[in-house]
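# quick one: sequence plus predicted model below, questions after.
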Amino acid sequence: QVQLVESGGGSVQSGGSLRLSCAASGFPFSNYVMGWFRQSPGKEREGVAVINSVGSTTYADSVKDRFTISRDNAKTTLFLQMNSLKTEDTAMYYCAAGPFASLRVPPFNFWGQGTQVTVSS
């Protein structure tokens with residue numbers, strides 16, 4: 001059974017940092033592209049960052065130079081280090097697994113339940 005369990009969300013002031021984690025199980029983690037997505041109320045889910053099996057990364061323009069995605073294949077865990085957080089980063093953050101790298105939702109077929117990130121001014 002595939003499981004993706006996010007943790008590390010919370011409330012932080014603008015300019016602060018958070019580190020999200022996603023514990024994965026039930027599928028060959030090291031063979032999959034992993035990604036972080038986010039969704040705010042009334043908005044579509046959007047790609048934040050993705051990382052392929054050998055560590056190549058892609059970021060949304062809105063988070064470049066502030067967020068860092070990484071993975072530990074031995075521990076089947078995905079991370080997202082978020083620095084210099086802005087109020088517009090407030091959203092539910094989701095971990096996802098898929099067959100190829102994209103910042104679009106459709107290629108990703110395994111999803112976690114999400115962790116809330118709230119950034120206040």
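Everything's here; your move. Numbering: from 1, shown residues only.
# element containing the spatially most central residue of the chain?
The centroid of the chain falls nearest to residue 36 when counting by CA atoms, centre = their mean (2.1 Å). Per DSSP states H and E, residue 36 falls inside strand 33-39.
# mind listing what's buried along that strand?
33-38 (16 or more other CB atoms under 10 Å). For glycine as for every other residue, the C-beta is placed from the backbone atoms N, C-alpha and C.
# could I get those residues in TSV, plus columns for distance to residue 44?
Below are the buried residues of strand 33-39 laid out as TSV (distance: CB to CB, whole Å):
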residue	distance to residue 44
33	20
34	20
35	15
36	15
37	10
38	10
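# just give me the closest of those residues to residue 21.
residue 36 (10.8 Å; CB to CB).
# report the separation between that closest one and residue 121.
Counting by CB to CB, to the nearest Å, the separation of residue 36 from residue 121 is 23 Å.
# how about the strands of the protein, start to end?
Remark: strands assigned in the chain by DSSP state E are 3-7, 10-13, 18-25, 33-39, 46-51, 57-59, 67-72, 77-82, 91-98, 110-111, 115-120.
# strand partners (parallel or antiparallel) of the fourth one?
Taking DSSP bridges as the criterion, strand 33-39 forms sheet pairs with strand 46-51 (antiparallel), strand 91-98 (antiparallel).
# CA atoms only: put that strand into PDB for me.
In PDB, the C-alpha atoms belonging to strand 33-39 read as follows (Å, rounded to 0.1, in the frame of the first residue of the first chain):
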ATOM      1  CA  VAL A  33      10.300  11.400  -9.400                       C
ATOM      2  CA  MET A  34       9.200  13.200  -6.200                       C
ATOM      3  CA  GLY A  35       7.600  16.600  -6.000                       C
ATOM      4  CA  TRP A  36       6.100  19.200  -3.700                       C
ATOM      5  CA  PHE A  37       2.900  20.900  -4.600                       C
ATOM      6  CA  ARG A  38       0.800  23.500  -2.800                       C
ATOM      7  CA  GLN A  39      -2.800  24.700  -2.900                       C
END
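# residues in contact with that strand?
For strand 33-39, the external contacting residues (CB atoms under 8 Å, 6 or more residues apart in numbering) are 20, 22, 24, 45-53, 67, 69, 71, 78, 80, 89, 91-103, 105, 107-108, 114, 117.
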